[in-house]
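**Student:** would you be able to build a 3D model of this:
(2 chains)
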Amino acid sequence: MFPYLPQTEGDIKEMLEVIGANSVDDLFADIPDDIYRKEPLNLPKGISEYDVYKKMSALAQKNKRGVSFLGCGSYDHLIPSVVKHVIKQPTFYSAYTPYQGEISQGVLQSIFEFQTHICELTGLDVSNASLYDGHTAASEAITMALNTRKKADTVIISDTVHPHTLEVVKTFFSDNDVKFKVLQSKNYLTDLDELKKHLDESVAAVLVQTPNFFGYVEDLEGFADAVHENKSLFIISSNPMSLGVLKSQAEWGADIAIGDTQVFGLDKYFGGPTVGYMAATSKLMRKIPGRIVGQTVDKDGERAFVLTLQAREQHIKRERATSNICSNQALAALASAVYLSTVGWTGLKKAVELSSGKAHYLYERLTGECGFNPLAENDFLYEFTVTIPDARDVLKKLEEEGIFGGVPLSRFYPEMKDAVTIAVTEKRSKEEIDRLVDLLKRVVK
Amino acid sequence: MSNKLIFELYSEGRVGYRFPEQDVPAKPVSEFISGGVKREKAASLPQVAEIDVIRHYTELASKSFGVDAGFYPLGSCTMKYNPKINEDVASFPEFADIHPLQSEETVQGMLELIYKTTESLAEITGMKWGTLQPFAGAHGEYTGMKLFKAYFKKTGDTKRTKVLVPTSAHGTNPASAHISGFDVEEVQADERGLVSVESLKEHLSDEVAGIMLTNPNTLGLFEKDIVEIAKLVHDAGGLLYYDGANMNAIMGKVRPGDMGFDVIHLNLHKTFSTPHGGGGPGSGPVLVGDKLIPFLPVPDVKKEGDTYVLDCSKPDTIGRISGFYGNIGVIVRAYAYILAMGSDGLKKASEMAVLNANYLKERLKATYHLAYDNTCMHEFVLSAETMKEEFGVSALDVAKALLDKGIHPMTIYFPLIVHEAMMIEPTETESKQTLDHFADVMLEIYKKAKDNPEQLKAAPVLTPVKRIDEVQAAKKPVLRWISE
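**Tutor:** You can find the predicted model right below:
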């Protein structure tokens, strides 16, 4: 009756005989009688595969898709077909963590290649097999900084960082004696002079994001020098797609680079699974959390790959581990690696070029003929923020026309009533963009 | 092309993907941004054709091993079969193509999925409500520990700074307690392999926030004193955390909530059949009893009439623990599994998991040393200690010998309290024939260990690479490819 359970009545009988038990229930005799469950669970009984399909299909239909101009940490980029074909390979997706290197060379090599992709993009020396998402990666990066600067207890975070990153980090350290200073930006850009005022010996790390939450490109000239003079660590979070044209974290002088590779071949999937990436200078190698794959040789001297530097990890170090992370986002990281291998450096630049061109086309029309004010007149790539009167109502009306016109920032900052952050990827056609503009002209009084 | 890295297949001018042409009047991006922020050094990414990508990764897939390829009795990891319908429904674009910041009206299916999965998991575990946000088991443990902290902060009982963890616990338990700001104290197991009630009593005090337990424990044994343990911990003012890594043994048979636990995490990638993906993504939902509900992370999902809403208004919440709502793609698969199995199927799954483990144990215990000779639950632990003394063959050697037989080895050298441990978890999705084949192979390996130990120590020989030099990997770390 249950296709995932192969044992027949005959098998069960034979097996019980070998065990020397009278019934399957006998095997559960160690469960005290007063808590042993006699009633069935209060759930429906099992159903057929086709009934599962129908139910899940009905559930899926309750979601609405649309032409998306949404960003703020999740983007509607093109995904080459090869990506999904690769991650559907059964020996990739039905494998566990590659503890047994000799039969896991494929998984291990793919992680080694992922690490290389991340090092190449960020310009830093060492990466890992992945973290949960870009937000939790910030907590891990800050932990590294606190473990490096043991006497410091303060972390400075720019207020242009994604507000969810800030919330996740604050939760993470709420029971450890760590202080947070949220750095006030100037015209929606992180202010170096303001940062310098707050740098003192208590500061372990400084975290900034570029392009920042509002879409603006931060100019981080002079930041690394100021942070390093103070002996603090500099952490830069970046949408990795932007690294196709913007300075890499290493070029800005960061010690740790973090972010989220959702933009590389991953579905939006209501926010997960995505991949938190991390890279750091070689000095921090032994403080990096999570799985790391290294290259070595087998006993015949052939190149081989294996999980390494495990002395950092919780199954060896237990409470003294650098992190508790164990399962990561491996299959999603594989998808991102396949994406990067497929589009290559020229493709990556092309995706940013196309997206940015379209975003600027829309921006010109919105701030020109539509007369909307930009939140600030700062440089941006393919995400920007404008003020649209009665934003929530307007977006609602667009939604009824099948267009998700942008993310209302009042969702994060109640006082930013009419600010809307709009992302335009290479997937949006001129027709779709023009339609958005036409509808806005009609809807906004 | 075998053995080459994708970076080594580079061929200038090759293209693996064609983007659409620009269809709006656009200036080059270099004109949008000032010179100072422009990247200086190009990244050395591969340049390959589409077929190169597919051949490369097909080659890598052929040098990997999954449940779909063969038996995978990796103890404590519950490598059960991943039903294919789950993959199909997870690929529905109405799930995959949904943005996390769409309006509530447009994501009713997602919110219903979260609500109903939480409800089902609460029923299965005997808890009241929970969160699906944790990305993995360890992330769930961390969430649970934050709930402990928040609870005691609220009750003003802040001198409770210690968390008790048995010596047999998963390594993530002490690590999670530690990063959440607790000091970890280990509780010894007694001669039965169970938590020693006497030892526990000595540890309990008004400084103890609680205990983290898995039941059945990592030896595959049911902690039969659990009701007494729960009472002792609660009477001392502490809380109980259940590590759900071993939940596959007890679905429909006994519930952690009924045992007295206050908070539990599950591993959907173990018990609820979602694929492990070579190390993730997993999902580690946390379920709680009444007294911890106010502290759950935000956003929570609530039902108001016929609609589902996101609720961020929880004054005592521990806060946000992940960027959005967790690994929703994994949760879709787990929910499909719960629907397919139902109350009867889940119970039967646990029964068969326990039957399979006991059967294998019986077939092997006359030959291999069984660490604790008891009725086991879903897994059991053998020890290669005597083998090592007698023939010089270690648990690692046995594992490597299995590789040549097309079987994924068991977990070795864990739990730490058993020397030369070999931890075997067959799961319920394996047939008697598969178990018999494994038992036969294990008996053959033992014979070889006795007759020809040197040959065994040379294993594996049929794998893509021979035994790997792990020491060199750690001594001279090469963690990325570098272009010449």
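
**Student:** residues in contact with the residue in the stretch 201-350 of chain A positioned nearest to chain B?
**Tutor:** At 2.6 Å from chain B, A:Gly271 is the closest residue in the stretch 201-350 of chain A, using CB to the nearest CB. For glycine as for every other residue, the C-beta is placed from the backbone atoms N, C-alpha and C. Contact analysis of A:Gly271 by CB atoms under 8 Å, 6 or more residues apart in numbering or on different chains lists A:74, A:133, B:100, B:323-326, B:328.

**Student:** which non-adjacent residue is nearest the closest residue to chain A within the stretch 301-450 of chain B?
**Tutor:** In the stretch 301-450 of chain B, the residue that lies nearest chain A is B:Phe324 (2.6 Å; CB to the nearest CB). Distance criterion CB to CB, 6 or more residues apart in numbering or on different chains; nearest residue to B:Phe324, sequence neighbours excluded, is A:Gly271 at 2.6 Å.

**Student:** can you give me the strands for the stretch 151-300 of chain B?
**Tutor:** B:162-166, B:183-187, B:208-213, B:239-244, B:263-266, B:286-288, B:300-304 (DSSP state E, counting those that start in this stretch).

**Student:** and these: which comes nearest chain A?
**Tutor:** Of all the strands of the stretch 151-300 of chain B, strand B:183-187 comes closest under CB to the nearest CB, at 4.5 Å.

**Student:** quick one: contacts of stretch B:291-302?
**Tutor:** Counting by CB under 8 Å, 6+ apart, A:171, B:111, B:114-115, B:118, B:128-131, B:133, B:143, B:146-147, B:150-151, B:154, B:239, B:262-263, B:286, B:288, B:308-312, B:314-321, B:325 sit against stretch B:291-302.

**Student:** tell me what the helix or strand of chain A with the lowest mean pLDDT is packed against?
**Tutor:** Lowest on mean pLDDT, DSSP states H and E among the helices and strands of chain A sits helix A:314-317, with a mean of 74. Using 3 or more CB pairs under 8 Å, 6 or more residues apart in numbering or on different chains; DSSP states H and E, the elements in contact with helix A:314-317 are helix B:172-179.

**Student:** of all the strands of the stretch 151-300 of chain B, which one comes closest to A:Gln262?
**Tutor:** strand B:300-304 (21.9 Å; CB to CB).

**Student:** how far does that closest one sit from the chain's center?
**Tutor:** 28 Å (CA atoms, centre = their mean, to the nearest Å).

**Student:** now do stretch A:6-16
**Tutor:** Averaging C-alpha positions (CA atoms, centre = their mean) puts stretch A:6-16 46 Å from its chain's average.

**Student:** pLDDT weak spots in chain B?
**Tutor:** B:1-2 (pLDDT under 70).

**Student:** ok, how many other residues are close to the closest residue to A:Gly402 other than its chain neighbours?
**Tutor:** With CB to CB, 6+ apart as the criterion, A:Gly402 has its nearest non-adjacent residue at 5.0 Å, and that residue is A:Gly66. For A:Gly66, the count of nearby residues is 20 (other CB atoms under 10 Å in any protein chain shown).

**Student:** and the residue of the stretch 301-450 of chain B closest to chain A, how close does it get to B:Lys201?
**Tutor:** 44 Å (CB to CB, to the nearest Å).

**Student:** more neighbours: these two, which one.
**Tutor:** Neighbour tally, B:Phe324 and B:Lys201, criterion other CB under 10 Å: the higher count belongs to B:Phe324, 23 against 11.

**Student:** residues contacting that one?
**Tutor:** For B:Phe324, the contact set (CB under 8 Å, 6+ apart) comprises A:73-74, A:133, A:164, A:270-272, B:100.

**Student:** tell me the one of those nearest B:Glu470?
**Tutor:** Closest to B:Glu470, out of all of these and judged by CB to CB, is A:Asp133, at 30.0 Å.

**Student:** for B:Thr143, see how far away the residue nearest to B:Phe324 is.
**Tutor:** For A:Gly271 relative to B:Thr143 (CB to CB), the value is 17 Å.

**Student:** cool, B:Lys400 as well?
**Tutor:** With CB to CB as the criterion, B:Lys400 and B:Thr143 are 37 Å apart.

**Student:** quick one: residues contacting residue 410.
**Tutor:** Using chain A. Here A:Ser410 is in contact with A:391-392, A:416-419 (criterion: CB under 8 Å, 6+ apart).

**Student:** ah, I was thinking of chain B
**Tutor:** By CB under 8 Å, 6+ apart, the contact list for B:Met410 reads B:73-75, B:399, B:402, B:422-425.

**Student:** cutoff 7 Å now
**Tutor:** Contacts for B:Met410 were tallied using CB atoms under 7 Å, 6 or more residues apart in numbering or on different chains; they are B:73-75, B:399, B:422-424.

**Student:** go back to those residues and keep what's next to chain A.
**Tutor:** B:74, B:399 (CB under 7 Å from any CB of the partner chain).

**Student:** now, which of the contacts of B:Met410 lie within strands?
**Tutor:** Among these, DSSP state E puts B:422-424 in strands.

**Student:** what is the mean pLDDT for the next helix or strand after the least confident helix or strand of chain A?
**Tutor:** Where DSSP states H and E defines the elements, the next helix or strand beyond helix A:314-317 is helix A:330-367. Across helix A:330-367, pLDDT averages out at 98.

**Student:** in helix A:330-367, what counts as buried?
**Tutor:** Using 16 or more other CB atoms under 10 Å in any protein chain shown as the test for burial, helix A:330-367 gives A:330-363, A:365-367.

**Student:** same deal with stretch B:216-231?
**Tutor:** B:216-223, B:225-226, B:229-230.

**Student:** in CSV, list the contacts of A:Ser410 along with distance to A:Asp175, pLDDT and neighbour count.
**Tutor:** Below are the contacts of A:Ser410 laid out as CSV (distance: CB to CB, whole Å; pLDDT from 0 to 100; neighbours: other CB atoms under 10 Å in any protein chain shown):
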residue, distance to A:Asp175, pLDDT, neighbour count
A:Ala391, 37, 97, 23
A:Arg392, 36, 95, 14
A:Met416, 31, 96, 18
A:Lys417, 35, 93, 14
A:Asp418, 38, 96, 18
A:Ala419, 34, 98, 22
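
**Student:** cool, thanks, talk later.
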